[in-house]
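Novice: any chance you could fold what I've pasted below:
(4 chains)
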Number of protein chains: 4
Amino acid sequence: MTKNRLEAFSDGVLAIVITIMVLELRRPEGHSWADLLQLWPVLLSYLISFVFVGIYWTNHHHLMHTVQRVSGGVLWANLHLLFWLSLLPFVTDWAGESHFAPVPMMVYAADALLCALAYSLLVRTIIRTDHNNHLLQDAIGSDLKGNLSLVGYVVALLTPLLGQVGVMVSGGCLILVALMWLIPDRRIERAIEGTGRP
Amino acid sequence: MTKNRLEAFSDGVLAIVITIMVLELRRPEGHSWADLLQLWPVLLSYLISFVFVGIYWTNHHHLMHTVQRVSGGVLWANLHLLFWLSLLPFVTDWAGESHFAPVPMMVYAADALLCALAYSLLVRTIIRTDHNNHLLQDAIGSDLKGNLSLVGYVVALLTPLLGQVGVMVSGGCLILVALMWLIPDRRIERAIEGTGRP
Amino acid sequence: MTKNRLEAFSDGVLAIVITIMVLELRRPEGHSWADLLQLWPVLLSYLISFVFVGIYWTNHHHLMHTVQRVSGGVLWANLHLLFWLSLLPFVTDWAGESHFAPVPMMVYAADALLCALAYSLLVRTIIRTDHNNHLLQDAIGSDLKGNLSLVGYVVALLTPLLGQVGVMVSGGCLILVALMWLIPDRRIERAIEGTGRP
Amino acid sequence: MTKNRLEAFSDGVLAIVITIMVLELRRPEGHSWADLLQLWPVLLSYLISFVFVGIYWTNHHHLMHTVQRVSGGVLWANLHLLFWLSLLPFVTDWAGESHFAPVPMMVYAADALLCALAYSLLVRTIIRTDHNNHLLQDAIGSDLKGNLSLVGYVVALLTPLLGQVGVMVSGGCLILVALMWLIPDRRIERAIEGTGRP
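Specialist: Predicted coordinates:
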């Protein structure tokens, strides 16, 4: 089976997820700067989620680049990842609108954690299917960044239990993990270039 | 006529259908776990419909894989399928919001049944157009899973007439059919691999 | 310039137009059949508009099939067509929600007319750019169906001035034109097959 | 890395941005022409934003045409551009609904300015990555139109400070810049044709 439609469908879903979040940005109630500034939690959560989806898209792009063939199992591991990503507009909206109350923050972090676990599962499913994908196996290696992300998300998930200070720690963790990934996956990029593939 | 744009358009519509359902997930009213848990019928119906669309996408993927040429008739049989799938966000929202009242459940099951019939019609239209598609003809064969699904959907359509117990039977049928299809169509997958095509 | 991205972008916009109309289908207020049936004008206008977009998509598919190269002018003629098509969810919603009041019907017919004129303009822009596209020139020929559509839309635009009976004539015209186009453009299909192209 | 998925994802996001703005067009409250005409500011802002996205799409199309390879940096420069474009439905809705009040106009112009700056950054990132892209380097040259746009957007951003007359100057600037770009980037188009590439 070829990977073209898997890529096209994932691009479609991610493009929609990243864009429809803007539909949850209700217009300010009045026409002044103060009215706009009141929306800061919603705008901030939109920005973070946009970067978050962008990270998944670029990493998915790099990941699929190494893949030669997909199976039914890979299709479903990919849909599983898209499911948790598709909930992002929902958790983003709730977290922003609640001005980052503890429970919505925990739900946001839980969704981020589930996305990360689903991505790991997708990588492992691909490696299992595509036995000859040494490129990906070598590139992933010990997966330091992946493991650090999981730790970050678990911390972000638990700290809101400590109240408002914990929420700020939680938000800080989510932002730190995003910053760490903003540098796209050089491991794979380097490995690909080492082999001289396009 | 080539099949590329039919695939691209179908991927687009399915990606949108699967994603916009999340727009119908209104944020919880308060900021507590209890507020989130109150949404369980809406979240459950979202999950089931996501899997439902995922099943159609993977099966459509496998189906189109066998196709060499499409005619105007195939384009319209495909649009007909997309029409019933496009109603899914509407019936999902109604069923979830009604906490699975009998009539919305019947409407949901009716839409599922119409999708299944439209898919059968698409398969038959392709076989008629693409006379040499022995791959598909052999793979479909007696179509046990397809027929079981139709039975399941008819049961799911009728049992809500029996009241709240019937609704639970109906929901159980819908979930069982979905689980049955979660295993992608090995018949076609196997047939393709037998011929050594990609 | 190649035509791939023009096709991809048009597929994207049409897939979204055809799908987001379902977001305007508000769920019924209660949970009974009567509540669902009250929505008949909205459901009917959704169905007609779905078919309408489907017709443009299949004809666009056939049209682009004949095209070898596109210019900046073709890109903009195509965007112009997409603009009028993108207003369809708006006019559909208004017409349906008003239970087909005269003014919304006239606005719907006006949008249909503008789509048809934009499609003609696109065809003519392509013929001007792509001088060697004899395939398209021969296939279009005297364009009987195109001219009949324009007449139909003008009638549909004017008859609502006569009140409720006129509205029904108007709706009948729109449905008749749609039925006429449901048969995809055999002229081009035949011409393509005559040349043995895929 | 190939550019296909970057194009596909950008097409997806732009198609959604251009189309979901129509969701913000609330239906008129009554069923008369007067009710429709009351929406003129919303319809006008929709039209301008549609043209605005159309301009970015055609220019992006021309730009990517010259590109041979993309890096992680190009992916993120592109996502950065898409971020500012994705805010367009939000600022369009606010500007239209406020009947072009000063602050919403400034926010609209600021978003337009940030899109233009992000586009420049994308062009420069591509030139830095793709050292041999002499085609693009020659075509861009002194970039008169790009610089005029920036001036236009800065004027549009500041003039609303002068009250209602300033708002009209601001709107005029936005429309003038759009008209200037409606002629697609002949510099690149000509350079491509000069090299005989498709």
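Novice: near the closest residue to A:Gly73 other than its chain neighbours, how many other residues are there?
Specialist: The spatially closest residue to A:Gly73, leaving aside those adjacent along the chain, is A:Thr125, at 5.4 Å (C-beta to C-beta, 6 or more residues apart in numbering or on different chains). C-betas here are computed from N, CA, C, even on glycine. By the measure other C-beta atoms under 10 Å in any protein chain shown, the count of residues near A:Thr125 is 19.
Novice: A:Ser10 too?
Specialist: When neighbours are defined as other C-beta under 10 Å, A:Ser10 has 26 of them.
Novice: wait, isn't it in contact with A:Leu85?
Specialist: No - counting by C-beta atoms under 8 Å, A:Ser10 stays clear of A:Leu85, with 9.3 Å between them.
Novice: find the closest residue to chain B in chain A.
Specialist: For chain A and chain B, the shortest gap (C-beta to the nearest C-beta) falls at A:Gly12, measuring 3.1 Å.
Novice: host element of the residue lying closest to that residue once chain neighbours are set aside?
Specialist: Counting by C-beta to C-beta, 6+ apart, B:Ala15 is the residue found nearest to A:Gly12 once chain neighbours are left out, at 3.1 Å. Following DSSP states H and E, one finds B:Ala15 within helix B:4-20.
Novice: buried residues, the strand or helix carrying the residue nearest to A:Gly73. List them.
Specialist: Assigned by DSSP H and E, A:Thr125 belongs to helix A:102-129. Neighbour counts over helix A:102-129 (16 or more other C-beta atoms under 10 Å in any protein chain shown) mark A:102-120, A:122-123, A:125-127, A:129 as buried.
Novice: swap in stretch A:172-179?
Specialist: By neighbour count on 16+ other C-beta under 10 Å, the buried set for stretch A:172-179 is A:173-174, A:177-178.
Novice: just the ones in helices from those residues, please.
Specialist: Using DSSP state H, the subset of those located in helices is A:173-174, A:177-178.
Novice: closest to B:Val42 out of those?
Specialist: Nearest to B:Val42 among these: A:Leu174, at 25.5 Å, using C-beta to C-beta.
Novice: give the contact list for the closest one.
Specialist: By C-beta atoms under 8 Å, 6 or more residues apart in numbering or on different chains, the contact set of A:Leu174 is A:48, A:108-109, A:112, A:152-153, A:156.
Novice: and what of A:Glu97?
Specialist: Neighbouring residues of A:Glu97 by C-beta under 8 Å, 6+ apart: A:41-42, B:27.
Novice: any of the residues you listed buried? List them.
Specialist: Buried members of the contacts of A:Glu97, scored by 16+ other C-beta under 10 Å, are A:42, B:27.
Novice: closest one of the contacts of A:Glu97 to chain C?
Specialist: Among these, B:Arg27 lies closest to chain C (C-beta to the nearest C-beta), at 16.7 Å.
Novice: for the closest one, helix, strand, or coil?
Specialist: Classification of B:Arg27 using DSSP: H, G, I helix; E, B strand; the rest coil returns coil.
Novice: now it. Nearest residue, chain neighbours left out?
Specialist: Excluding the flanking residues, the one nearest B:Arg27 by C-beta to C-beta, 6+ apart is A:Trp94, at 4.5 Å.
Novice: do you know the pLDDT at the one you found?
Specialist: The confidence metric pLDDT takes the value 92 at A:Trp94.
Novice: who touches it in this structure?
Specialist: Listed by C-beta under 8 Å, 6+ apart, the contact set of A:Trp94 reads A:104, A:107-108, B:27-28, B:31.
Novice: next, work out how far apart the residue of chain A closest to chain B and D:Met21 are.
Specialist: Counting by C-beta to C-beta, to the nearest Å, the separation of A:Gly12 from D:Met21 is 19 Å.
Novice: A:Val67 too?
Specialist: 36 Å.
Novice: those two: which is more packed in?
Specialist: Taking neighbours as other C-beta under 10 Å, A:Val67 and D:Met21 compare with D:Met21 leading, 25 against 18.
Novice: how about that one: what's its closest non-neighbour residue?
Specialist: Here the nearest residue to D:Met21 in space, its sequence neighbours aside, is D:Pro89; by C-beta to C-beta, 6+ apart that works out to 4.6 Å.
Novice: check contacts around that neighbour.
Specialist: Listed by C-beta under 8 Å, 6+ apart, the contact partners of D:Pro89 are A:22-23, D:17, D:20-21, D:24, D:49.
Novice: now pLDDT and distance to D:Leu75 too, for the residues you listed, in TSV please.
Specialist: As requested, these are exported to TSV (pLDDT from 0 to 100; distance: C-beta to C-beta, whole Å):
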residue	pLDDT	distance to D:Leu75
A:Val22	85	21
A:Leu23	82	25
D:Val17	90	18
D:Ile20	85	23
D:Met21	86	25
D:Glu24	80	29
D:Ser49	90	25
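Novice: and these, which two are the farthest apart?
Specialist: Greatest spatial distance in the contacts of D:Pro89: A:Leu23 and D:Ser49, 14.6 Å, computed using C-beta to C-beta.
Novice: pull the contacting residues for A:Ile175.
Specialist: Counting by C-beta under 8 Å, 6+ apart, A:Ile175 makes contact with A:Ile48.
Novice: against A:Trp181, how distant is it?
Specialist: Computed as C-beta to C-beta, the A:Ile175 to A:Trp181 distance reads 11 Å.
Novice: coming back round to it: which SS state does the residue nearest to D:Met21 fall under?
Specialist: helix.
Novice: again with the one 4 residues further on
Specialist: Using three-state DSSP, the secondary structure recorded for D:Asp93 is helix.
Novice: lowest confidence element among the helices and strands of chain A?
Specialist: helix A:186-195 (a mean of 56; mean pLDDT, DSSP states H and E).
Novice: wait, A:Ala8 sits on B:Ala8?
Specialist: Yes - between A:Ala8 and B:Ala8 there is a contact at 6.4 Å, judged by C-beta under 8 Å.
Novice: so what does A:Ser71 have for phi and psi?
Specialist: Backbone dihedrals for A:Ser71, given as degrees, to the nearest 10, come out at phi -120, psi 180.
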